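> Provided below for reference: sequence and predicted model.
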Amino acid sequence: MNLQLTLFTTFFKIGMFTIGGGLAMLPLIERDVVEKHKWIDKKEFLDLMTIAQSMPGIFAFNFAILIGHKIDQTRGSILCGLGTVIPSFLIILAIAISFSDFKDNAYVAKIFKGMRPAVVALLLVPLISTAKTSHLTIKTGLLAIAVTLLITFADINPVYIILAVALSSVLYGNIVYKKRHKNDKSC
């Protein structure tokens, strides 16, 4: 099978069998893209994931087009993006057509209720995997917990936290750079 067809079918399969949105897709994307096909390594995966999260729009689509671009430029972006969204489109279309037939069905309600714990697990897997790969220290782990608590309980908009962390990182980086540069001159 050629690369383009493999890209499309890989992301179509991921889009077809993932319930729970973009973050729930992460374990499947990582397994296929990093482990199975070895198109990118774990560090590139995390870098692209970070970029996709910072882009406006749908995370899963953004992530797919970034991975596609890394693998096969524009053609890869288009194929991975289409592979990700076509299954959702078809499923939503089928649901919309037949929604009135099963919206009050007790079995359908039970199926969705039973799927909730699996969705939570699918969201936890990338969290744990990312934490391991990011080599969190006690300080950065505490920072992640603090940010989570601020967003959850203090109702602080995540955009403000992202901006504050970005600004703090730039300032910290400049301080460290100036110290190192000053020490290099004195040697």
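Great, that's in hand.
> residues touching the spatially closest residue to Val34 that is not a sequence neighbour, list them.
Nearest residue to Val34, sequence neighbours excluded (Cβ to Cβ, 6 or more residues apart in numbering): Phe45, at 5.2 Å. For the C-beta atoms, the positions are set from N, CA and C on the backbone; glycine is no exception. Residues in contact with Phe45 (Cβ atoms under 8 Å, 6 or more residues apart in numbering) are 29-30, 33-34.
> Give me the distance between Phe45 and Gln4.
Separation of Phe45 from Gln4 (Cβ to Cβ, to the nearest Å) stands at 21 Å.
> mind giving me the domain split of the chain?
Split into domains by automatic domain parsing, the chain comes to 3-135, 137-187.
> Buried deepest among these, which one?
Neighbour counts (mean count of other Cβ atoms under 10 Å) averaged over each of these peak at domain 3-135, with a mean of 16.
> that older thread, show me what secondary structure element comes after the helix or strand that contains the residue nearest to Val34.
Assessed by DSSP states H and E, Phe45 sits inside helix 42-54. Later in the chain than helix 42-54, the nearest helix or strand by DSSP H and E is helix 59-102.
> what's the spacing between that following helix and its chain's center?
14 Å (Cα atoms, centre = their mean, to the nearest Å).
> just stretch 46-60 next, same as before
6 Å.
> same thing with stretch 167-185?
That offset, for stretch 167-185, works out to 31 Å (Cα atoms, centre = their mean).
> Quickly note the distance from the nearest residue to Phe102 once chain neighbours are set aside to Asp41.
Setting aside the residues directly before and after it, Phe102 is nearest to Val108 in space (Cβ to Cβ, 6+ apart), at 4.9 Å. To Asp41, Val108 is 41 Å away according to Cβ to Cβ.
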